[in-house]
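Undergrad: return atomic coordinates for the entry below.
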Amino acid sequence: MDYRWTILLVTTVFCGACHATPSTATLTADAPVRWTPPALSTDQYESSPTLSPDGRELFFFRADRQFDHYRLLYSRCEQGQWSAPVEPPFAASVGVLEADPAFSPDGQRLYYVSARDRPEDLDIWKVERNSKGQWGEPQRLPEPINSPQTELLPRELADGRLLFGSNRPGGPGGRDLYVATQQSHGGWQVSPLPAPINTAGDEYEADLSRDGGVMVVVANRGERSHLYVFDHDSKNSSWRERGRVPARDDVFQVGPLLSPDGKRLLFAQADGDHSGEIFLAALQPGAGSAWPPACR
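TA: Below is the predicted model of the structure:
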């Protein structure tokens with residue numbers, strides 16, 4: 001199974017098996033605004049951005065109008081504007097699906113999903129910078145992070161754990177969110193996130209703020225997937241749903257990227273008949289405008 005199959009399913013099938021009682025509230029915030037830098041925007045679908053810690057590099061993936069045939073691209077902030085995007089030097093050969101890039105918190109690693117090892121099956125890969133800042137050779141992450149099923153949107157957290165989505169068996173729903181924790185012997189332990197984040201329905205992408213207090217989840221609760229915000233209660237070590245991001249009802253949203261403080265959000269959704277673009281949303285009033293950093 002691949003990302004194409006996953007997106008098609010979660011945007012067209014009604015979740016009749018959802019037993020959770022999530023909030024139906026929508027956040028009190030302005031409507032999201034289109035953010036895609038002009039150099040990146042095309043009549044194709046631009047999705048799932050990730051910014052380097054210094055704000056000077058931007059990775060994303062581009063799909064066709066049917067949200068298929070996606071490829072990794074990157075752009076640099078040079079002389080006050082974003083450069084025309086190109087494929088990174090470690091990209092797989094043409095025809096191999098690659099998507100969902102994500103910088104590590106220190107900017108020294110980039111995670112993404114690729115079908116280069118097993119056609120039509122997206123696994124999580126990692127590429128690291130060398131001492132000169134050049135990217136090395138990509139490495140497929142080991143099991144049990146990867147599985148025979150599809151993995152999506154990997155995110156290295158501030159404490160070194162890895163957050164990602166998968167449709168592997170063992171979770172409470174058809175697709176669930178998982179966190180991988182490295183053990184003292186070097187192996188990994190993978191566990192599904194607790195309720196109310198994971199439900200009997202479909203949750204398959206998420207991002208977490210740097211302080212661990214805010215999570216944005218892509219979940220299917222009806223005819224298509226939308227974005228939902230959760231707040232962490234440190235006293236009770238639990239999660240509480242705040243509401244849905246006020247994005248469009250008639251199209252799906254994917255590829256969430258939270259600001260470090262969890263107050264602003266980049267994501268992708270359709271924009272017009274033949275394009276998908278990156279949008280910016282404030283998750284609370286007075287969120288400020290310092291992020292994403294302007295290219296100067």
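
Undergrad: please count neighbours and contacts with C-alpha atoms only from this point.
TA: Fine.

Undergrad: listing request: residues of this structure with sub-threshold pLDDT.
TA: Applying pLDDT under 70 to the chain flags the ranges 1-24, 28.

Undergrad: now do the helices in it.
TA: 3-12 (DSSP state H).

Undergrad: quick check: closest non-adjacent residue to the most centrally placed residue in it.
TA: Of all residues in the chain, the one closest to the mean position by C-alpha atoms, centre = their mean is G255, 3.7 Å from it. Ranked by C-alpha to C-alpha, 6 or more residues apart in numbering and with sequence neighbours excluded, the top spatial neighbour of G255 is S48, at 4.0 Å.

Undergrad: the one you found and P154, how far apart?
TA: 11 Å (C-alpha to C-alpha, to the nearest Å).

Undergrad: shared neighbours of those two, which are they?
TA: 100-101 (C-alpha atoms under 8 Å, 6 or more residues apart in numbering).

Undergrad: the two: which has the busier surroundings?
TA: P154 (29 against 24; other C-alpha atoms under 10 Å).

Undergrad: surely that one meets A102?
TA: Yes: taking C-alpha atoms under 8 Å as the definition, P154 is a contact partner of A102 at 6.7 Å.

Undergrad: return every residue with contacts to both of these two.
TA: 111-112.

Undergrad: residue contacts, the residue nearest to G255?
TA: Taking C-alpha under 8 Å, 6+ apart, one finds 60-61, 99-101, 254-257, 267-268, 278 in contact with S48.

Undergrad: roughly how far does K235 sit from G213?
TA: Distance, K235 to G213, using C-alpha to C-alpha: 12 Å.

Undergrad: what about the two, which has more around it?
TA: The residue with more neighbours, out of K235 and G213, is G213; 15 against 6, by other C-alpha under 10 Å.

Undergrad: OK, contacts around that one?
TA: Applying C-alpha under 8 Å, 6+ apart, we find G213 in contact with 231-233, 262.

Undergrad: may I ask which two of these are separated the most?
TA: D233 and G262 (14.5 Å; C-alpha to C-alpha).

Undergrad: neighbour count for the two, which is higher?
TA: G262 (24 against 12).

Undergrad: burial measure for D54, as a count.
TA: D54: 9 neighbours (other C-alpha under 10 Å).

Undergrad: same thing with the one 4 residues further on?
TA: Residues contacting L58 under the criterion other C-alpha under 10 Å number 21.

Undergrad: do the same with E143
TA: When counting by other C-alpha under 10 Å, one arrives at 12 neighbours for E143.

Undergrad: measure it to R116 for me?
TA: 16 Å.

Undergrad: how about M215?
TA: If you go by C-alpha to C-alpha, the gap between M215 and R116 works out to 30 Å.

Undergrad: ok, those two, which is more surrounded?
TA: The neighbour comparison of M215 against R116 (other C-alpha under 10 Å) goes to M215, with 23 against 19.

Undergrad: quick check: bridge partners of the more buried one?
TA: In this entry, M215 is beta-bridged to L208, F230, by DSSP bridges.

Undergrad: I'd assumed D207 was in contact with it.
TA: Yes: under the criterion of C-alpha under 8 Å, M215 makes contact with D207 at 5.7 Å.

Undergrad: in stretch 267-281, what counts as buried?
TA: 267-271, 275-281 (16 or more other C-alpha atoms under 10 Å).

Undergrad: give me every residue that touches R161.
TA: 179-182.

Undergrad: just the buried subset of these, please.
TA: 179-181.

Undergrad: let me see the ranges of the strands in the stretch 101-250 of the chain.
TA: Ranges of strands within the stretch 101-250 of the chain are 109-114, 123-128, 139-140, 151-156, 162-166, 176-182, 188-192, 202-208, 214-220, 225-233, 238-244, based on DSSP state E, counting those that start in this stretch.
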